[in-house]
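K.L.:
Task: produce atomic coordinates for the following.
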Amino acid sequence: YGPVLRFELIDLPAQSRQLKRWLVSEVQEGQEGKVTHRTYPLEGTPAGQVVPPIKFSLTIPDNVIVHAEEQPQVAVWSPETRQWTTEAVSEVSYAPETRLLKFQAVAVGYMSLVQPRSVDIPLQFWEVKQLNFKGALRLTLRTARR
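P.N.:
Down below sits the predicted model:
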């Protein structure tokens with residue numbers, strides 16, 4: 001349905017400061033110039049504490065088909081369950097004229113637009129053709145929606 005995007009929270013390395021003629025930099029052993037990846041909710045957040053969602057806003061590329069009559073669903077990949085889940089996502093809105101997708105999530109990581117596998121079944125037409133070079137095939141599907 002849509003591209004898989006990866007959203008991460010990172011801590012950037014401490015910035016250098018000019019102090020008269022000196023350039024002062026904080027240096028931690030083995031961490032010179034590296035970023036630190038964070039989880040969300042942040043580590044150390046007490047269990048049961050309400051975590052504010054992160055607001056996301058992005059423009060969907062033209063090559064991704066989003067049907068205007070349906071509200072898009074956004075899902076987050078859960079490495080623990082090894083499944084896509086929509087539980088961490090809320091307040092999804094889509095503006096077809098600008099292709100702007102907005103949503104909130106209490107997670108970071110891999111996210112994607114998702115739809116049920118059977119949304120376009122039954123198929124009206126399908127065809128498999130071999131292309132000119134070895135091993136390449138073209139699959140053509142025609143559904144009621146597209």
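K.L.:
pLDDT value on Tyr40, please?
P.N.:
According to the predicted model, the pLDDT of Tyr40 comes to 88.
K.L.:
check contacts around it.
P.N.:
For Tyr40, the set of contacting residues under the criterion of Cβ atoms under 8 Å, 6 or more residues apart in numbering consists of Leu9, Val51, Ile54, Val106, Ala107, Val108. C-beta here means a position set from N, CA and C on the backbone, and glycine is covered the same way.
K.L.:
and it, how far is that from Gly109?
P.N.:
Using Cβ to Cβ, to the nearest Å, one gets 9 Å for the distance from Tyr40 to Gly109.
K.L.:
Check which element follows the helix or strand of the chain with the lowest mean pLDDT along the chain.
P.N.:
The element with the least model confidence among the helices and strands of the chain, by mean pLDDT, DSSP states H and E, is strand 36-38, at a mean of 83. Scanning forward in sequence from strand 36-38 by DSSP states H and E, the next helix or strand is strand 54-59.
K.L.:
Show me what that next one pairs with in its sheet, parallel or antiparallel.
P.N.:
According to DSSP bridges, the neighbouring strands of strand 54-59, each with its direction, are strand 100-105 (antiparallel).
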